[in-house]
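**Q** mind folding the following:
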Amino acid sequence: MEYPQSPPVRVRWLARRLLELLAYAGLLLFIVDQYLEPSIMNSLRPFHESNVLRICERVLKLSLPFMYVWLTIFYAFFHLWLNLCAELTRFGDREFYKARGAGLGGVDVSAGTGGRTCCGGGLRSLQLQ
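**A** Down below sits the predicted model:
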């Protein structure tokens, strides 16, 4: 299978994303070790006692660290890891988000970006073709 390829791999960019990925992995381990593990261990007692009020308190206390874990995982995977893989494979489709066929009813989501929807363009305006 062939796909559009970009110029050679940007080594400095790749190294920066790899360092960011390692930093986010460290942040994830920190959140789990410092916040989640102690809270989960303290939550076991109310569950065994069937104390509904204490169970609700523990669930609410765990909600914020779990949200941080999910956000960290999503950013690390979807942004950092997939961009690393795209750079290593030299994936170069800069019009990836452009409307294909009748999928968006002829709406061009890359309008006004100069065709750079993946790299720095962003969604600025929607224009009907």
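**Q** check contacts around the nearest residue to Arg10 once chain neighbours are set aside.
**A** Closest residue in space to Arg10, ignoring its immediate chain neighbours: Glu87 at 6.6 Å, by Cβ to Cβ, 6 or more residues apart in numbering. (Glycine included, C-beta is placed from N, CA and C.) For Glu87, the contacting residues are Val9, Arg10, Trp13, Leu14, Arg17, by Cβ atoms under 8 Å, 6 or more residues apart in numbering.
**Q** what do you get if the cut-off is 10 Å, keeping everything else the same?
**A** Ser6, Val9, Arg10, Val11, Trp13, Leu14, Arg17 (Cβ atoms under 10 Å, 6 or more residues apart in numbering).
**Q** how near is it to Arg12?
**A** 11 Å (Cβ to Cβ, to the nearest Å).
**Q** ok, now Leu71?
**A** 27 Å.
**Q** and if you look at Arg90?
**A** Taken as Cβ to Cβ, the span from Arg90 to Arg12 is 16 Å.
**Q** before we move on, back to that, nearest to Asn51 among the contacts of Glu87?
**A** Arg17 (46.2 Å; Cβ to Cβ).
**Q** in the chain, which spans are helices?
**A** Secondary structure of the chain (DSSP state H): helices at 11-31, 37-49, 52-74, 82-88.
**Q** check this structure and tell me which residue is nearest its centre.
**A** Tyr75 (2.7 Å; Cα atoms, centre = their mean).
**Q** so for it, what's the pLDDT?
**A** Per-residue confidence (pLDDT) for Tyr75: 94.
**Q** dump the residue contacts of the nearest residue to Tyr35 once chain neighbours are set aside.
**A** Leaving aside its sequence neighbours, Tyr35 sits nearest to Pro65 (Cβ to Cβ, 6+ apart; 4.1 Å). Listed by Cβ under 10 Å, 6+ apart, the contact set of Pro65 reads Ile31, Val32, Gln34, Tyr35, Leu36, Glu37, Ser39, Ile40.
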